[in-house]
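Student: sequence and predicted structure are below.
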Amino acid sequence: MQLKPYARTLAIALSLAFVAGCSSTGGGQDGDSTGGTGGTGGTDGGGVSTGTADGRGINGDRDGREGQRATTDDRIPQTRTIYFEYDSDAIRSEFEPVLTAHARFLRANPSASVVLQGHTDERGTREYNLALGERRADAVESYLNVQGVSPSQVEVVSYGEERPAARGQNEQAYAQNRRVVFAY
């Protein structure tokens, strides 16, 4: 059976997406080796979780402050997930220090590369969510490029709603699923 050209292209694209998805080096989405976050902490007043059972804030620091822990340029920053507002691809100002730390690492290590994995919550159609996840990852890529990161070091993948970080149909779960993950 001979595949039509567009079907062949689709098969190749799906194969590449599968291989890219399977090439993870392990660990949790935020770069910890435990793979999970345990329970959740308090909320920020708007229903968004601000902490986890181990005392880390939503962006990985121990006391819930926004920003990035101090890192050296030769270590991958510990915070590897940034979060977005509902139906938005705008980078929140509280995550700019995290993105700056990743940009600093990538500039200092030109042989390093990263896959930016865009995710959404389950609301909306599958097609819309794939596009939104891609827009979110593209926004992060643009930020990194403005900071001097070579475009050849960055790859963008959108998973849409297909890989939720939290199950549930409430604002807390939705907030944890609207994210971009740095996969080194």
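Tutor: Perfect, thanks for sending it.
Student: for this protein, give me the ranges with low pLDDT.
Tutor: 1-72 (pLDDT under 70).
Student: one more time with 90
Tutor: 1-74 (pLDDT under 90).
Student: quick one, longest helix in it?
Tutor: helix 126-146 (DSSP state H).
Student: list the contacts of residue 149.
Tutor: 103, 106, 107 (CB atoms under 8 Å, 6 or more residues apart in numbering). (C-beta placed from N, C-alpha, C; glycine too.)
Student: and which of these is nearest residue 152?
Tutor: residue 106 (10.6 Å; CB to CB).
Student: what sits closest to the closest one if chain neighbours are left out?
Tutor: Excluding the flanking residues, the one nearest residue 106 by CB to CB, 6 or more residues apart in numbering is residue 149, at 4.5 Å.
Student: surely that neighbour is in a strand?
Tutor: No: Residue 149 sits outside any strand when classified using DSSP: H, G, I helix; E, B strand; the rest coil, being coil.
Student: make 9 the starting number, not 1.
Tutor: Yes, from this point I'll number from 9; that puts the last item at residue 157.
Student: number of nearby residues for the spatially closest residue to residue 177 that is not a sequence neighbour?
Tutor: Using CB to CB, 6+ apart and skipping the chain neighbours, the partner closest in space to residue 177 is residue 130 (7.4 Å). Neighbour count of residue 130, defined by other CB atoms under 10 Å: 16.
Student: check residue 175 too.
Tutor: Other residues close to residue 175 by other CB under 10 Å number 9.
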